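[1] for reference, the sequence and a predicted model appear below.
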Amino acid sequence: MESREISQAVIRRLPRYYRYLGELLESGVERISSNDLSKRMKVTASQIRQDLNNFGGFGQQGYGYNVKYLYTEIGKILGLENDHNFIIIGAGNLGQALANYGSFEKRSFVLKGIFDVNPTLKGMTIRGVPVRMMDELKDYIRENDIEIAVLTIPKGVAVDVARELVEAGIQAIWNFAHVDLNVPDHVIVESVHLSESLMRLSYNINRYHEEHGLKG
Ligand code: NAI
């Protein structure tokens, strides 16, 4: 497929298309019009057509979209046709919760290792994956084709650990620590902050209350 610059706004919407199309596939739907998809996703049909036109459209006039084809193509765009090996650094509350979430594998993200500094966690296994100590980290990354590191450690240590990861050749960091990481351009960072999502929720509660004359 021809590669061209696609806006980050479109990229942010693609996982949602992928999820809906996956659900359609599972329920045996073979094709869908942009209008039907629009009703399900509560996005305008023109937005859907515009978004998907970025990739050559995939649709045919009067036929709609071939669900399997569109699902596969969006999966390719999102880089999901190949497995991505990942490790989790920090086996505390959040690290363990993520490690326990088996559905990442369905999306080609394969948990290969869990690391921590706390010796009492050594050898504990989560879904068959043992917690290892940090002195094994660099060799483990190099020897096990690890692409992504998930950072679920305190923010005070995240910058140093990120540096170690870069030295070991990690390609990407999924960062949950509330700190900006200073890494070279070739290392991709995606930061996740649940509290930002909660603040958006709070804003929308307030806005709804104001619009409907309800007390805050
Ligand atoms: P936790 O205290 O339960 O777990 C942190 C783990 O990191 C501990 O097991 C600790 O031994 C380990 N650790 C500390 N220093 C380390 C190092 N240098 N190398 C490897 N492991 C190390 O904390 P919790 O609740 O799991 O939170 C983890 C991080 O995630 C915190 O920074 C927290 O602020 C953040 N967080 C972020 C959220 C988000 O939405 N981005 C949501 C919840 C937590």
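    Thanks, I have it.
[2] now for D83: which residues touch it?
    Neighbouring residues of D83 by C-beta atoms under 8 Å, 6 or more residues apart in numbering: S108, F109, V110. Where you see a C-beta, it was placed from the backbone N, CA and C, and this is true even at glycine.
[3] mind giving me TSV with these and columns for neighbour count and pLDDT?
    Converted to TSV, the contacts of D83 look like this (neighbours: other C-beta atoms under 10 Å; pLDDT from 0 to 100):
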residue	neighbour count	pLDDT
S108	15	92
F109	18	97
V110	15	97
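[4] which of those residues fall in strands?
    Using DSSP state E to define strands, the subset of the contacts of D83 located there is F109, V110.
[5] nearest to the ligand, of the contacts of D83?
    Nearest to the ligand among these is F109, at 17.4 Å by C-beta to the nearest ligand atom.
[6] can you name the residues of the chain that neighbour the ligand?
    Contacts of the chain with the ligand, taken as C-beta under 6 Å from any ligand atom, map to 89-95, 115-118, 134, 152-155, 157, 161, 176-178, 192-195.
[7] cutoff 5 Å now
    90, 92-94, 116-118, 152-155, 157, 176-177, 193-194 (C-beta under 5 Å from any ligand atom).
[8] are any of these buried, and if so which?
    Listed as buried from the residues of the chain next to the ligand are G90, L94, D116, T152, I153, F176, A177; burial here means 16 or more other C-beta atoms under 10 Å.
[9] would you list the residues you listed in CSV and tack on distance to G213, pLDDT and secondary structure?
    As requested, these are exported to CSV (distance: C-beta to C-beta, whole Å; pLDDT from 0 to 100; DSSP: H, G, I helix; E, B strand; the rest coil):
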residue, distance to G213, pLDDT, secondary structure
G90, 46, 98, coil
L94, 39, 98, helix
D116, 51, 98, strand
T152, 42, 98, coil
I153, 46, 98, coil
F176, 39, 98, coil
A177, 41, 98, coil
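[10] circling back: next, format the contacts of D83 as TSV and append distance to G64.
    Output for the contacts of D83, formatted as TSV (distance: C-beta to C-beta, whole Å):
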residue	distance to G64
S108	27
F109	30
V110	34
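[11] so what's the nearest residue to G95 once chain neighbours are set aside up against?
    Among residues not flanking G95 along the chain, T152 sits closest, at 3.9 Å (C-beta to C-beta, 6 or more residues apart in numbering). Each residue near T152 by C-beta under 8 Å, 6+ apart is listed here: I88, I89, G90, A91, G92, L94, G95, L98, F176, A177.
[12] likewise for R31?
    R31 sits in contact with Y63, G64, Y65, N66, V67, where contact means C-beta under 8 Å, 6+ apart.
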